[in-house]
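Trainee: no FASTA, just this:
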C-alpha cells in the first residue's frame, strides 16, 4: 500500500450515472488487476473505495457509479484537483490459472476491473470471453473497449433493451477454462452456482479504512474469517461460504 497525491486529468460520463476519471500519479504499488484505491474527499469523513479499471506508468483509471454524495462530488471535481489517495489495496486477481479461454463476468459497477484483467490475460496468450450485465441499455458501457482488445463480448440486459435479454447466468457459454466474476453479491452467488469450472470472485463491502485496521468488512470463508479489503476483494471459488 502507498499513500500519495494524485491529480485529476479528466472526467467524462460513460453511461447513466457512470463516470470515468483519469488520475495522474505513482502506480508502483499495483501488482494485480482487481486491486482498488481509497480516496479522501473534502467534506467527507470516510474515504471512498474504488476499483481500478487500468493503470500504467503515468497514472490510473477508475470507473464508478454516482450512487451517493461522495461519488457525485468526485464526478464534479475539475481537472487539476489534487486528491489524497491510498493505492495498491487488496489482493487482486491471479492470472496464473486461467487457461487459454477464461470467462470474465461483470455486473454493472463490477465491470471496470475486468478490463485491466483482460489486458493482462491477453498478454499471457489467453483470449478472454467477456459477459457484461446491466439493467437497461442506458447503463451499458465498455462493450467496444473489450471488443477492441479482441475479446469475445456478450452484453445482457435485464429488460432486454440491449444485447441479450436476461441475467449474465442466462448467457454463460460452454468450453471456457476458468472464470473471473465481479459484481453485486446475488450475481456472484448465481455465477458460483452455475459455473462448471474453478474461478475467482471479487466482492464488494462497505469499508472504513480499506487496509484491515477497522475490521469492518469481515466475511466467512472455509479457511476462517477474512477481510474483504485486505485478504480480498478477490476470493477463490473454493474458499467462499454463502
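Mentor: Everything's here; your move. As the structure is a computational prediction, the values presented were derived from the model and not from experiment.

Trainee: Any stretches of the protein with poor pLDDT?
Mentor: 208 (pLDDT under 70).

Trainee: biggest strand in this protein, by residue count?
Mentor: Longest strand in the chain by number of residues, with DSSP state E as the criterion: strand 2-15.

Trainee: in that one, what's buried?
Mentor: 6, 8, 11, 14, 15 (16 or more other C-beta atoms under 10 Å). Glycine gets a C-beta too; all of them are placed from N, C-alpha and C.

Trainee: which of the residues you listed lies closest to residue 25?
Mentor: residue 6 (3.6 Å; C-beta to C-beta).

Trainee: For the closest residue to that closest one other than its chain neighbours, grab the count of nearby residues.
Mentor: Leaving aside its chain neighbours, residue 6 sits nearest to residue 25 (3.6 Å; criterion: C-beta to C-beta, 6 or more residues apart in numbering). Residue 25 sits with 20 neighbouring residues when counted by other C-beta atoms under 10 Å.

Trainee: wait, residue 25 sits on residue 8?
Mentor: No - between residue 25 and residue 8 there is no contact under C-beta atoms under 8 Å: 10.1 Å.

Trainee: chain center to the longest strand of the chain, what's the gap?
Mentor: 16 Å (C-alpha atoms, centre = their mean, to the nearest Å).

Trainee: So which elements touch it?
Mentor: With contacts taken as 3 or more C-beta pairs under 8 Å, 6 or more residues apart in numbering; DSSP states H and E, strand 2-15 sits against strand 18-24, strand 59-65, strand 82-89.

Trainee: pretty sure residue 233 contacts residue 91?
Mentor: Yes - if you go by C-beta under 8 Å, residue 233 and residue 91 touch, sitting 7.5 Å apart.

Trainee: ok, those two, which is more surrounded?
Mentor: residue 233 (28 against 19).

Trainee: gap between that one and residue 1?
Mentor: From residue 233 over to residue 1 the distance is 14 Å, taken as C-beta to C-beta, to the nearest Å.

Trainee: can you check residue 192 too?
Mentor: Using C-beta to C-beta, we find residue 192 at a distance of 29 Å from residue 1.

Trainee: cool, residue 194 as well?
Mentor: From residue 194 to residue 1 the distance is 35 Å (C-beta to C-beta).

Trainee: care to break this protein down by domain?
Mentor: For the chain, automatic domain parsing gives the domain ranges 2-89, 102-239.

Trainee: Mind checking those for the one nearest to residue 95?
Mentor: domain 102-239 (5.5 Å).

Trainee: what about that closest one, distance to the chain center?
Mentor: Offset of domain 102-239 from its chain centre (C-alpha atoms, centre = their mean): 7 Å.

Trainee: now do stretch 234-242
Mentor: Mean C-alpha position of stretch 234-242 versus that of the full chain (C-alpha atoms, centre = their mean) differs by 17 Å.

Trainee: Now do the end-to-end distance for it.
Mentor: End-to-end distance for stretch 234-242, by C-alpha to C-alpha, to the nearest Å: 15 Å.

Trainee: now swap in stretch 32-42 and tell me
Mentor: 29 Å.

Trainee: What are the contacting residues of it?
Mentor: Outside stretch 32-42, the residues within contact range by C-beta atoms under 8 Å, 6 or more residues apart in numbering are 47-52, 54, 60, 62, 70, 73-74, 83-95, 113-114, 116-117, 119-120, 182, 202, 207, 209-211, 233-234.

Trainee: the inter-axis angle of the helix ranked longest in the chain versus strand 18-24?
Mentor: What stands out as the longest helix in the chain, according to DSSP state H, is helix 112-123. Helix 112-123 and strand 18-24 meet at an angle of 60 degrees, taking axes from the mean of the first three to the mean of the last three C-alpha atoms, to 10 degrees as the criterion.
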